[in-house]
Structure formats: C-alpha cells, structure tokens
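> Test case, fold it:
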Amino acid sequence: MNKTEFVAAIAEEAGISKTDAAKAVKAFTDVVVEEMKKGEKIQLVGFGTFEAAERPERQGINPATKEKITIPAAKVPKFKAGAALKNALN
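Have a look, this model is predicted:
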C-alpha cells in the first residue's frame with residue numbers, strides 16, 4: 001500500500017474527504033518526526049511506540065576495497081509494536 005492508497009483507505013474508514021485524510025496523515029507524520037527529533041517517544045496504546053535510538057560509532061569494511069572505515073554515530077527511528085497489534089496479526 002502506498003501513501004495515496006493509505007490516504008484513500010483512511011478517508012473511507014473515517015468517512016471524510018481524501019483531502020482531509022491527507023491533511024491528517026501529514027499532520028501525524030509531521031508530529032511524529034518533530035517529537036522524535038526532540039528525543040521524545042510517542043506511545044499509541046495498543047498500536048505501538050515510535051522513538052529515536054542512538055546508534056554508536058562503529059568500524060566497518062568497504063566491500064569494494066576491503067578498506068576499514070569508521071561509520072559515524074547516528075540517530076535512527078525505531079518502532080515497537082504494541083500487544084494489541086501483535087495479537088491482531090496472529
């Protein structure tokens with residue numbers, strides 16, 4: 001499912017226009033990104049938790065040259081599914 005299909009499904013499920021659904025999806029993603037940038041986590045009970053994790057600096061190998069390289073530290077997004085979501089899939 002791509003973003004357009006997702007917006008259409010939200011619009012149908014909620015009984016709203018596709019324009020309003022697109023605004024809601026954009027607002028959701030914007031808020032999640034902004035909160036994760038601040039280091040906050042977003043918990044949606046029953047669905048899951050979004051948070052940013054710190055990945056430490058580490059050593060790697062360039063596969064083309066076999067040369068050792070340093071991979072810099074980075075923040076990475078994480079999502080942990082909630083129990084209700086896990087149960088719905090099984």
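> does Lys75 sit in a helix, a strand or a coil?
strand (DSSP: H, G, I helix; E, B strand; the rest coil).
> these two touch, right, it and Lys38?
No: in this structure, Lys75 is not within contact of Lys38 by CB atoms under 8 Å, at 11.2 Å. Where C-beta positions appear, they are placed from N, C-alpha and C, glycine not excepted.
> So the two - more neighbours on which side?
Per other CB atoms under 10 Å, whichever of Lys75 and Lys38 has more neighbours is Lys75, with 12 against 9.
> ok, and the closest non-adjacent residue to that one?
Among residues not flanking Lys75 along the chain, Ala52 sits closest, at 4.8 Å (CB to CB, 6 or more residues apart in numbering).
> Backbone dihedrals for the one you found, please?
Main-chain dihedrals, Ala52, degrees, to the nearest 10: phi -100, psi 140.
> cool, Ala83 as well?
Recorded main-chain torsions at Ala83 are phi -60, psi -40, according to degrees, to the nearest 10.
> How many neighbouring residues does it have?
Neighbours of Ala83 using other CB under 10 Å come to 11.
> separation between the residue of the chain most remote from its centre and Gln59?
The C-alpha centroid of the chain is most remote from Thr65, which lies 33.4 Å away (CA atoms, centre = their mean). To Gln59, Thr65 is 15 Å away according to CB to CB, to the nearest Å.
> I'd like the next helix or strand past the longest helix seen in the chain.
Identified as the longest helix of the chain according to DSSP state H is helix 18-37. Toward the C-terminus, helix 18-37 is succeeded by strand 42-44 as the next helix or strand (DSSP states H and E).
> tell me what that following strand is packed against?
Applying 3 or more CB pairs under 8 Å, 6 or more residues apart in numbering; DSSP states H and E, one finds that strand 42-44 contacts helix 18-37, strand 48-55.
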